[in-house]
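1. Sequence plus the predicted model coming up.
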Amino acid sequence: MPFHLYFDESDLLRVRFALSPLWETQEAVRTLHRRSRHGYHLPWLRRIEEGAAGLDLTPLWLLMPESGFNPDFICPPPLGPLAGFAEELAAVRATDPAAARNDIALALADTPGGLRSPAGRRMLADPARAVQELADLLEQAWRVMVEPHWPRLRALLEADVAYHSRRLAEVGFEGLLSEISPQLRWAGSTLTVAGTRGDHSRVLGGQGLVLMPSVFVWPDVVGGHEPPWQPAVIYPARGIGGLWTEAAERTPETLAGLLGRARADVLCALAEPAGTSALAHRLGLAPSSVSAHLKVLRAAGLLTSRRYGHQVLYERTPLGITLSGQES
């Protein structure tokens, strides 16, 4: 079912990218419950299996129908480019109970048996308590399922934003949309998001649009957020196919013999642009060692670098891609 977003000139000036650890957390909860999403994430599922088994996520799953309404208040678009999880969770806890009850009722109505379930009835009877309990569950899910892997996830998401920000400057908004996903179509001043969870429309009215890459939303593209939340489109991040593969597993032995194991691992770990800290975490090396390897690889013409926010991102040059034997 399509979702239509109607732009005016001021909205085009207010398109921005953002990352959200809270969004990744609630989508991780959804992914755990849906086998159709497991393909790319089996290594992650194995790593969290024991901890996730101790969580009762039923109340959240009741609010996540496969088609239909999903509550906005448990995953509002972030106000800044990268809000902290604690900041985002505080916004959830501050949700007006009346607005929460309306969201909960709509989601339960689209979940088979949701309105009749004991958990559903409890949430509707005391929405103020439900807001706090759902926030508690999101916090537990974050601690167990997402936070231990957040440096890896954040590096991939930041690389996506850096790449698509550059493409926005090169090909414009219409060109960018077709590259992000075939589910996004631009005609006149209307953005249509195909295959979403609802069939509805929204006039942006000068609010602009938040574009958010997500690791766990794959294979879906999600468009929505009703007032008072800002409109957003969430799409699968680039590079999730290799997200859970250790860098050393992708390094050809011949390349390791040529460059040295650690330096070859650094080159092969850059399937997506990344900074020194993210690479160090991914490879289990000291940041100072990674920095030294990056300097040599850049001087050899195998890497290029650019500043993104407060960090420097490195990516492979065409020569680096050829030498590593991997497409970026």
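-> Structure's in. What do you need? Quick caveat: nothing in here was measured; it's all calculated off a predicted structure.
2. count of residues packed around Ala83?
-> 21 (other CB atoms under 10 Å). C-beta coordinates here come from the backbone N, C-alpha and C atoms, glycine included.
3. ugh, wrong one, His38
-> 12.
4. OK, contacts around it?
-> 31, 45 (CB atoms under 8 Å, 6 or more residues apart in numbering).
5. Please repeat the previous calculation with a cut-off of 7 Å.
-> Leu45 (CB atoms under 7 Å, 6 or more residues apart in numbering).
6. same thing with Pro81?
-> Pro81 neighbours (CB under 7 Å, 6+ apart): 17-19.
7. closest to Thr192 among these?
-> Phe17 (20.2 Å; CB to CB).
8. quick revisit: okay, and which of the contacts of Pro81 map to strands?
-> The members of those that map onto strands under DSSP state E are Phe17.
9. Selecting buried members of the contacts of Pro81 in ChimeraX, what would you type?
-> Burial among those is assessed by 16 or more other CB atoms under 10 Å; the matching ChimeraX selection reads:
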select :17,18,19
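10. Could you check how far the worst-scoring helix or strand of the chain on mean pLDDT is from the centre of its chain?
-> Every helix and strand of the chain was ranked by mean pLDDT, DSSP states H and E. The lowest is strand 222-224, at a mean of 78. In terms of CA atoms, centre = their mean, to the nearest Å, the centre of strand 222-224 is found 13 Å from the chain centre.
11. ok, how many other residues are close to Arg154?
-> 19.
12. Is it located within a helix, as I assumed?
-> Yes - assessed by DSSP: H, G, I helix; E, B strand; the rest coil, Arg154 belongs to a helix.
13. Tell me which residues of stretch 19-37 come out buried.
-> In stretch 19-37, residues buried by neighbour count (16+ other CB under 10 Å) are 19-32, 37.
14. typo on my end, stretch 294-309
-> Judged by neighbour count using 16+ other CB under 10 Å, the buried positions of stretch 294-309 are 294, 297, 302-303, 308.
15. quick check, nearest of the residues you listed to Val144?
-> Tyr308 (29.6 Å).
16. If I look at that closest one, what pLDDT would I see?
-> pLDDT, the model's per-residue confidence, is 68 for Tyr308.
17. What of Pro148?
-> Pro148 is given a pLDDT of 92.
18. can you check Val171 too?
-> At Val171, pLDDT is 88.
19. What pLDDT is listed against the closest residue in space to Pro236 that isn't next to it in sequence?
-> Distances taken as CB to CB, 6 or more residues apart in numbering place Trp218 nearest to Pro236, at 3.9 Å, with adjacent residues excluded. Confidence at Trp218, expressed as pLDDT, is 84.
20. Tell me if I am right that Trp218 is in a helix.
-> No - looking at Trp218 with three-state DSSP, it is coil, so not inside a helix.
21. For it, give its distance to Glu170.
-> Going from Trp218 to Glu170 by CB to CB, to the nearest Å gives 25 Å.
22. OK, contacts around Arg263?
-> Arg263 neighbours (CB under 7 Å, 6+ apart): 293, 296-297.
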